[in-house]
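A.B. asks: coordinates only, no sequence provided:
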């Protein structure tokens, strides 16, 4: 007799529901949200489990890897799809959610979410921590600029140690804001030191990975963008085509069709925000900062020019076949040793430019490529 299990996971306890192949509940209970406790409970009450399902969440990756190690047939269900199915129930409870998840895995009406490898999760943690430090450093620099600007003190663009030196020269030793600015500069120095350690680690990881070095040969793509793309995609074989990669990253327009209404809106912005930000930066670097001309840049500039009718703010009729957000093209990159295993990296950017307002002036990506050249040489920068 086949058995199907639904797990509604919370931080401390997990609600468990086991149903048979006809949908009749066999067992309902709770266990600690620990792989050991869950595996013991499942071996006792669901020894013939065909599938064990739970939603995506903060603890989903950890549970998936640990339960897979003891050879349990676990699947991770997309939380949006699970919510759509579970919301039809009148009463919301952990017990009812576990029952609903068991029904979903029994009838197969779900979309499985792929779990990243442990290596990619570790690299992603480094990239996310580095991104947070870069944001904190930038916020402190903007705050210091704002404070001293009220006293008429201005200085050109600078980051890191150069920023602290210029602020110190402007304030001197007896300025009335010195007691306010010094603690901020002290924190700024410590953040820069920790960011430098992450930068060295990112360079080392990128230099040791062949796929990352190959991605860096694309004009405008540097160490951070290539490494983030490599470990966000993780397993390229899970994508059927390039269009699914764009949708996975939230770079495709929303589509709303009902009756005579058929509209395409802004990009969905679903998926990984960090990689989407870096791809916008790479597109901007390619179009506006790259000095060396390339066919990719020529295509992007030609697509941007003449897209809108002058003074009317709408697309030209001859350009309607191109998506409004498209400022790049698919760039074919082979990932992995198998022949024919390809993935396409699509660089998109909005023509208005507000999405690029948080660009870090080049420091957000370690030595973003300004053209051709050896990727190994850019890794050393």
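C.D. replies: Okay, I see it. All of these numbers come straight from a predicted model, not from anything done at the bench.

A.B. asks: hey, let's count contacts and neighbours off CA atoms from now on
C.D. replies: Fine.

A.B. asks: give the helix, strand or coil label for residue 76.
C.D. replies: strand (DSSP: H, G, I helix; E, B strand; the rest coil).

A.B. asks: that one contacts residue 65, doesn't it?
C.D. replies: No. Judged on C-alpha atoms under 8 Å, residue 76 makes no contact with residue 65 at a distance of 10.8 Å.

A.B. asks: ok, residues contacting stretch 68-77?
C.D. replies: Here stretch 68-77 makes contact (C-alpha atoms under 8 Å, 6 or more residues apart in numbering) with 39, 49-56, 60, 64, 67, 110-115.

A.B. asks: tell me where the chain has helices.
C.D. replies: Under the criterion DSSP state H, the chain contains helices at 35-45, 60-69, 79-86, 94-107, 118-149, 160-171, 178-208, 210-215, 223-233, 242-248, 273-284, 295-304, 375-379.

A.B. asks: okay, these in JSON lines with mean neighbour count next?
C.D. replies: Shown next, in JSON lines, are the helices of the chain (neighbours: other C-alpha atoms under 10 Å):
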{"stretch": "helix 35-45", "mean neighbour count": "15"}
{"stretch": "helix 60-69", "mean neighbour count": "16"}
{"stretch": "helix 79-86", "mean neighbour count": "15"}
{"stretch": "helix 94-107", "mean neighbour count": "23"}
{"stretch": "helix 118-149", "mean neighbour count": "16"}
{"stretch": "helix 160-171", "mean neighbour count": "15"}
{"stretch": "helix 178-208", "mean neighbour count": "16"}
{"stretch": "helix 210-215", "mean neighbour count": "20"}
{"stretch": "helix 223-233", "mean neighbour count": "24"}
{"stretch": "helix 242-248", "mean neighbour count": "17"}
{"stretch": "helix 273-284", "mean neighbour count": "22"}
{"stretch": "helix 295-304", "mean neighbour count": "16"}
{"stretch": "helix 375-379", "mean neighbour count": "18"}
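
A.B. asks: which one of these lies closest to residue 22?
C.D. replies: Residue 22 sits nearest to helix 94-107 of all the helices of the chain, at 8.7 Å, using C-alpha to C-alpha.

A.B. asks: what angle do that closest one and helix 79-86 make?
C.D. replies: 100 degrees (axes from the mean of the first three to the mean of the last three C-alpha atoms, to 10 degrees).

A.B. asks: packing partners for helix 94-107?
C.D. replies: The helices and strands touching helix 94-107, judged by 3 or more C-alpha pairs under 8 Å, 6 or more residues apart in numbering; DSSP states H and E, are strand 3-9, strand 13-20, strand 49-55, helix 79-86.

A.B. asks: out of these, indicate the one that is most buried.
C.D. replies: strand 3-9 (a mean of 27; mean count of other C-alpha atoms under 10 Å).

A.B. asks: report the mean per-residue pLDDT for that one.
C.D. replies: For strand 3-9, mean pLDDT rounds to 95.

A.B. asks: circling back: nearest to residue 16, of the helices of the chain?
C.D. replies: Set against residue 16 and scored by C-alpha to C-alpha, the helices of the chain come closest in helix 94-107, at 5.9 Å.

A.B. asks: run the chain-centre distance for that closest one.
C.D. replies: Centroid separation between helix 94-107 and its chain, computed with C-alpha atoms, centre = their mean, to the nearest Å, is 29 Å.

A.B. asks: how about stretch 90-109?
C.D. replies: Distance, centroid of stretch 90-109 to centroid of chain: 29 Å (C-alpha atoms, centre = their mean).

A.B. asks: cool, stretch 271-282 as well?
C.D. replies: Distance, centroid of stretch 271-282 to centroid of chain: 7 Å (C-alpha atoms, centre = their mean).

A.B. asks: what of stretch 260-280?
C.D. replies: Counting by C-alpha atoms, centre = their mean, stretch 260-280 comes out at 12 Å from the chain centroid.

A.B. asks: gap between the two ends of it?
C.D. replies: 34 Å (C-alpha to C-alpha, to the nearest Å).

A.B. asks: let me see the mean pLDDT of it.
C.D. replies: Here the average pLDDT along stretch 260-280 is 88.
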